[in-house]
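Peer 1: Below is the structure, and that's it, no one-letter string:
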């Protein structure tokens, strides 16, 4: 069962690119990597999901190296509204285990 | 139109009371979850149902009892509330079972036990 580790917190200035890395050394062959964003007083919401290499959508990019033991969420040119907690989740589409990482609290500074 | 809704949003009660939290999803998903989020923001799964069948039952006191009357609803009943039960409880749903499916979360229920 893949356990994930993430930095507890990060600070960034507005307009910068932010990269948040999640380590998942025990990732299994069928596991996907999913990132969620949680604003204060709201439920987490899906940002992006990937299996290998690179995935990009309108919100973020997800980089996954060949060994898949880590992944990096990249947020381009962050704004104050990107201040949130970002969670990494590793899981497949058949087993019933769901374990979220500890989350990274991102603070964007003006 | 809210995809996953929970009621109530806030719940303040005294120790020893029994309370329920309701959850409904209109996404047509087969799987629903209950999570507990503590003050340190850790998200811990408590229960999961797939097509009304209990599939995840983590180490949770048996004072907590989930009930799924149909696959669109998952309620959480808590007996004999304790101070340590104070937390935010999130309901979520996904297309199918497994952490590899995108989960849709409700707005949360903040439970305060005094």
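Peer 2: Perfect, thanks for sending it. All values derive from a computational prediction rather than experimental measurement.
Peer 1: Show me the strands in chain B, by range?
Peer 2: In chain B, the strands defined using DSSP state E lie at B:4-7, B:10-13, B:19-25, B:31-37, B:43-50, B:53-57, B:64-70, B:73-78, B:87-94, B:103-105, B:109-113.
Peer 1: Now do the contacts for residue 64.
Peer 2: The chain I'm using is chain A. Contacts for residue A:64 (CB atoms under 8 Å, 6 or more residues apart in numbering or on different chains) come out as A:33, A:50, A:51, A:52, A:53, A:54, A:55, A:70, A:71, A:72. C-betas here are computed from N, CA, C, even on glycine.
Peer 1: wait, chain B
Peer 2: The neighbours of residue B:64, taking CB under 8 Å, 6+ apart as the test, are B:46, B:47, B:76, B:77, B:78, B:79.
Peer 1: Contacts only, for the residue nearest the centre of chain B.
Peer 2: Residue closest to the mean C-alpha point of chain B, counted by CA atoms, centre = their mean, is residue B:34 at 2.9 Å. Residues near residue B:34 by CB under 8 Å, 6+ apart: B:23, B:45, B:46, B:47, B:48, B:66, B:74, B:76, B:89, B:90, B:91.
Peer 1: how near is it to chain A?
Peer 2: 11 Å (CB to the nearest CB, to the nearest Å).
Peer 1: what's the answer for residue B:96, then?
Peer 2: 7 Å.
Peer 1: Look up the pLDDT of the residue lying closest to residue A:110 once chain neighbours are set aside for me, please.
Peer 2: Take residue A:110 and drop its neighbours on the chain: the residue closest to it by CB to CB, 6 or more residues apart in numbering or on different chains is residue A:14, 5.7 Å away. Note on residue A:14: pLDDT of 97.
Peer 1: Residue B:56 too?
Peer 2: Reading off the model, residue B:56 has pLDDT 81.
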